[in-house]
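Build me a structure from this.
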Amino acid sequence: MGPSSRSLAVFSFHKAEQHYYLQVTWKDHFISDAPDYTVDPSWLQRVSDVVDYALTNDLFAVVNVHHDSWSWLNPDVAGFDATQTLDKFYRLWFQIGTALGCKSSKLAFETINEPSGDASNPANGQFVNDLHATMVKAVRDAGGFNKDRVVLLCGLGDRHDTATAFLQVPQNMTNPWALTWHMYSPCE
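As a prediction, this is how the structure comes out:
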């Protein structure tokens, strides 16, 4: 996320028209390791400010975990520890849910953008399902209006042809939800 200011955000909003998609990379903003995995409060505040710019302009906003799938959330990286990663993911989304939990219903959460991993590997598909379940639990545990917040789910690779291959909606999820994927064709 580049510099944020009200004027820059308003300019961007006019380009997006109805919504503002905050593509947030978190990997460089953790200020502690296990067990807390604390996110820098100034980074969370910056994300909150940009969300407020969108909501103040009567736009929908989406916050996600973006590009982290290329680093600590990639199940194909040597030494990957799913248990530790899901714990960190829970702590991240709990902090996001706490910071943004009282924002209006025009704010939605997207679990992750373009999750990495071999899209033909059922274990990687299950990992993405575990990410969804972890995020939903974390934001609901954080309180606020999160139990009713729209959640955007995705499939492994976030591509149209793999989006539903392994997708399982988290059990007992009562949040409204939608499925997202990317379609780059014919440009790929």
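
Taking the centroid of the protein, which residue is nearest it?
Computing the C-alpha centroid of the chain and ranking residues by CA atoms, centre = their mean puts Asn64 first, at 2.6 Å.

for the record, mean pLDDT for stretch 83-101?
For stretch 83-101, the mean per-residue pLDDT is 98.

Can you give the contact residues for it?
26, 30, 34-39, 44-45, 47-48, 51, 63, 65, 72-73, 75, 107, 109, 130-131, 134-135, 137-146 (CB atoms under 8 Å, 6 or more residues apart in numbering). From N, CA and C alone the C-beta is placed, and that goes for glycine too.

From the residues you listed, which land in helices?
If you go by DSSP state H, those have 44-45, 47-48, 51, 130-131, 134-135, 137-142 in helices.

Gly155 looks like it's in a strand, true?
Yes - Gly155 forms part of a strand when assessed by DSSP: H, G, I helix; E, B strand; the rest coil.

ok, and the closest non-adjacent residue to it?
Ala163 (3.5 Å; CB to CB, 6 or more residues apart in numbering).

Now do the contacts for that neighbour.
Neighbour list for Ala163: 154-155, 179-181 [criterion: CB under 8 Å, 6+ apart].
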